[in-house]
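Novice: sequence plus predicted model, see below.
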Amino acid sequence: MEQWGMNTMSKKASVLALAAAFTIGIGACGGGGGSSSSSSGTVAGVAIDGPVTSGSIIVYNADGTTCSSAASSSDSSAKFSLNLGSCTLPVSLELSGGTDVVHSSLSSTYPQPNMRSLIGSSTQTVANISPFSTLIFYSIVKGNGNNLTAAGVTTSNAASSITTQASTILKAFGFGADLNTDGSSDSNFNPITSSLGTLNLATFTSASEALSETIRRVAKAAGGVSTTNVGQLFIALGQDLSDGTLDGSMGSSSISSPISGFSMDSVRAYAMSNALFVLNEMFSSTGLTVTDQSGSQKSALSAIKTATTTVNSSATTSFDSVKPNTNLTSQWTSAKSTALTLLGKSSLSDLGISSDLTTSASISSRGSLSVNSTLAAALADSSQVATYSANVKNANNSFVSSSTFNVALSSITLTDYPSNTASTLTPSTPSVSSGVLTVTLPSATTVSASNLGLLNSTSASTASATPPVLNFTLKNLPQGSGTAGVTMTLLDGSNSTRDSGERYISATFNLPWTSDGTTLTLKDASSASVSYYAAPDSSASSASLSQSAVGSLAVTSSGVSGNSSTQTTLKMKIAQLFNTAATNGNSTLAKAMTSGTPAGSYYYSVSFSGISLAATDSSSNTSAFSSVQGTFTVK
């Protein structure tokens, strides 16, 4: 059971909670709007694909203009320092040129697109640049180039965005970036803001090479391992992951493939499938092989170990004790499902792979590489793309099903409690379109106004009323952990446009979560940032809700073991929000959200990132979604 909540809002509360119910129980911590600001601080970092020495670093102000005084370069240890004294935060970083120590030691030419990173505020002291920071950057800017302002990134929300998108990237393409050489892992690791030291430098270098290698193999399958192709694939995959799910869309907008003749569906399927074989190499004593610009491969394990010591001579370079964590095994499971479907195979043994990755098996215990090299090569061979083209759609469906918290659309119901008697309300057939799950109660199916009226009363804490509960069943729980970002919006009326005289509230949260594949655990929410309109208002006001206010909405889940998976029913009280602002001391917000009667129509929406969601209909069609919306009537 978890508890989280929001504010007092007679009608608003009920939709916000309803939205919450569909967000798979994700609550939150602060975010919100803000403006740019100047910085007088110094920020340090390391440039790593392999370690990149003598690379040029350009700093861009929040509006995308160059902050020329902060320009710098990585030194012979791939480290750099930036003086942001005259820059306008948040800023973005671009690394170009330089020498990749791993690649140069292999005496081959490798594509090296520019890498990107972010500095969100004056409190950020570390800003590493890597393939991971590059994906994070593109997932945050969403096609706005260097203009963070245009992308809606401010000093107030940048840190939250970096945390959320880092979580998304590590779940989808983490390759063990958050692992340590002693066999432990760091649940708080962030590729941009975490320091790299003796225990995590080698594993992060190896993971960075693995991510780039996966993209290179996709580029080879798409027609060529060029700097342009690799760079464009990073942009496309980053944009795709901006909504938390690798589904071919950036929110409700479809993403076009950057490579002619190789669809975005193919990009997704080949990225996940190649990731399986890259992971299999990494987690063997044989180690990773890397693809050069001609398409040839060389073993990189020794080069990675040696390059690590150029950054830190004290760093541990043995990978023998490294063990997967749940992020890594979740990535493995999703990649395996995708690869088997794309290649038309049924088991790991068909791929020549001896065993799954597990959290109990270190690299040394897993032994030398076992793989069907012909099938591995086929996934990076443009001449074989036509052979597997018919399987691309099913491969992506398989990935979405295995890597997401999957909702059974037929399971979604609302339990109302008129006169404290349970009554099940069935929504119109829920559907997913362009990444949006729509769940609406038919106009003839109404929520009890008398029950909500009691909940909205000033004595709601003692009133004889039970908050309505939204119920739905999760068909799949992927393993992993992360931080979910949620924005819930509720307003009077039957559509998303606020008209004069209507109340409106939008709250932004972050909430850490973990899943072991059987149980989804939501950790304590912290404060929430709120934008709202009282009914007569012509401009928005802002507010915040304390942890106790956010924690007043109860979420209960129960696991029921089935034959093939564990199903978890999530139940969320959707009207507890009505009095939480009042009972937790935010009287101004409570007053603004209170109305004389709860009767009427309500519209809600919830958008979220940092957690992957999908819905499956009665025909077994599965679609990813990153937001929920709908309407209901109180009578």
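Specialist: Yep, it's here. Since the structure is predicted, the reported quantities are computational estimates derived from the model, not experimental observations. Numbering: from 1, shown residues only.

Novice: what mean pLDDT does stretch 454-467 have?
Specialist: When pLDDT is averaged along stretch 454-467, the result is 59.

Novice: end to end, how far does it reach?
Specialist: Looking at stretch 454-467, the gap from its leading to its trailing residue is 10 Å under the measure CA to CA, to the nearest Å.

Novice: can I take it that Ser194 is in a strand?
Specialist: No: the assignment for Ser194 is coil, going by DSSP: H, G, I helix; E, B strand; the rest coil, so no strand is present there.

Novice: what number of residues lie near it?
Specialist: Taking other CB atoms under 10 Å as the neighbour definition, Ser194 ends up with a count of 17. Backbone N, C-alpha and C define where each C-beta goes, glycine included.

Novice: that one against Val126, yeah?
Specialist: Yes: because the distance of 6.8 Å satisfies CB atoms under 8 Å, Ser194 is recorded as touching Val126.

Novice: separation between Ser69 and Ser226?
Specialist: Separation of Ser69 from Ser226 (CB to CB, to the nearest Å) stands at 34 Å.

Novice: cool, Ala71 as well?
Specialist: On the measure of CB to CB, Ala71 and Ser226 end up 27 Å apart.

Novice: any idea how far Cys67 is from Asn146?
Specialist: Relative to Asn146, Cys67 is positioned 11 Å away (CB to CB).

Novice: my bad, should have said Thr164
Specialist: Thr164 is 21 Å from Asn146, by CB to CB.

Novice: and those two? which has more neighbours close in?
Specialist: Of the pair Thr164 and Asn146, Thr164 is the one with more neighbours under other CB under 10 Å, namely 26 against 23.

Novice: can you name the residues that contact that one?
Specialist: Thr164 makes contacts with 483-485, 510, 609-610, as judged by CB atoms under 8 Å, 6 or more residues apart in numbering.

Novice: spell out the secondary structure type for it.
Specialist: Going by three-state DSSP, the secondary structure assigned to Thr164 is helix.

Novice: report how many residues lie close to Asn420.
Specialist: Number of residues near Asn420 (other CB under 10 Å) recorded here: 10.

Novice: next one: phi and psi at Thr424?
Specialist: phi -90, psi 130 (degrees, to the nearest 10).

Novice: thinking it is in contact with Ser411, fair?
Specialist: No: with the criterion set as CB under 8 Å, Thr424 and Ser411 do not qualify as a contacting pair; they are 11.9 Å apart.

Novice: how about the closest residue in space to Asn397 that isn't next to it in sequence, what does it touch?
Specialist: Nearest non-adjacent residue to Asn397, counting by CB to CB, 6 or more residues apart in numbering: Thr622, 5.3 Å away. Contact analysis of Thr622 by CB under 8 Å, 6+ apart lists 397, 400-401, 406, 614-616.

Novice: how about the helices of the stretch 351-500 of the chain, start to end?
Specialist: In order along the chain, the stretch 351-500 of the chain carries the following helices (DSSP state H, counting those that start in this stretch): 363-366, 373-378, 392-403, 449-455.

Novice: name the residues that touch the second one?
Specialist: Looking back up the chat, that one is helix 373-378. With CB under 8 Å, 6+ apart as the test, helix 373-378 has contacts from 277, 343, 345, 351-352, 384, 387-388.

Novice: of these, closest to Met264?
Specialist: Here the nearest of those to Met264, counting by CB to CB, is Tyr388; it sits at 15.9 Å.

Novice: the closest one contacts Leu342, doesn't it?
Specialist: Yes: counting by CB under 8 Å, a contact exists between Tyr388 and Leu342, whose distance comes to 5.5 Å.

Novice: tell me which of the two has more neighbours.
Specialist: More crowded of Tyr388 and Leu342, by other CB under 10 Å: Leu342, with 26 against 20.

Novice: gap between Thr588 and Ser337?
Specialist: Look at Thr588 and Ser337: by CB to CB, they are 50 Å apart.

Novice: report back the residue of this structure that's furthest from centre.
Specialist: Among the residues of the chain, the one whose C-alpha is farthest from the average of all C-alpha positions is Ser419, by CA atoms, centre = their mean at 41.1 Å.

Novice: contacting residues for that one?
Specialist: When the contact criterion is CB under 8 Å, 6+ apart, the partners of Ser419 are 450-451.

Novice: longest helix in this protein, please.
Specialist: Scanning the chain for the helix with the most residues, using DSSP state H, yields helix 201-222.

Novice: how about the following helix or strand past that one as PDB, C-alpha atoms only?
Specialist: If you walk from helix 201-222 toward the C-terminus, the next helix or strand you reach (DSSP states H and E) is helix 227-240. Extracted as PDB, the C-alpha positions of helix 227-240 are listed here (Å, rounded to 0.1, in the frame of the first residue of the first chain):
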ATOM      1  CA  THR A 227      28.800   9.400 -38.200                       C
ATOM      2  CA  THR A 228      25.600  10.900 -39.700                       C
ATOM      3  CA  ASN A 229      23.600   7.700 -39.400                       C
ATOM      4  CA  VAL A 230      24.700   7.100 -35.800                       C
ATOM      5  CA  GLY A 231      24.100  10.700 -34.800                       C
ATOM      6  CA  GLN A 232      20.600  10.800 -36.300                       C
ATOM      7  CA  LEU A 233      19.700   7.500 -34.600                       C
ATOM      8  CA  PHE A 234      20.700   8.900 -31.200                       C
ATOM      9  CA  ILE A 235      18.400  11.900 -31.900                       C
ATOM     10  CA  ALA A 236      15.400   9.700 -33.000                       C
ATOM     11  CA  LEU A 237      15.700   7.300 -30.100                       C
ATOM     12  CA  GLY A 238      16.100  10.100 -27.600                       C
ATOM     13  CA  GLN A 239      13.000  11.800 -28.900                       C
ATOM     14  CA  ASP A 240      11.100   8.400 -28.900                       C
END
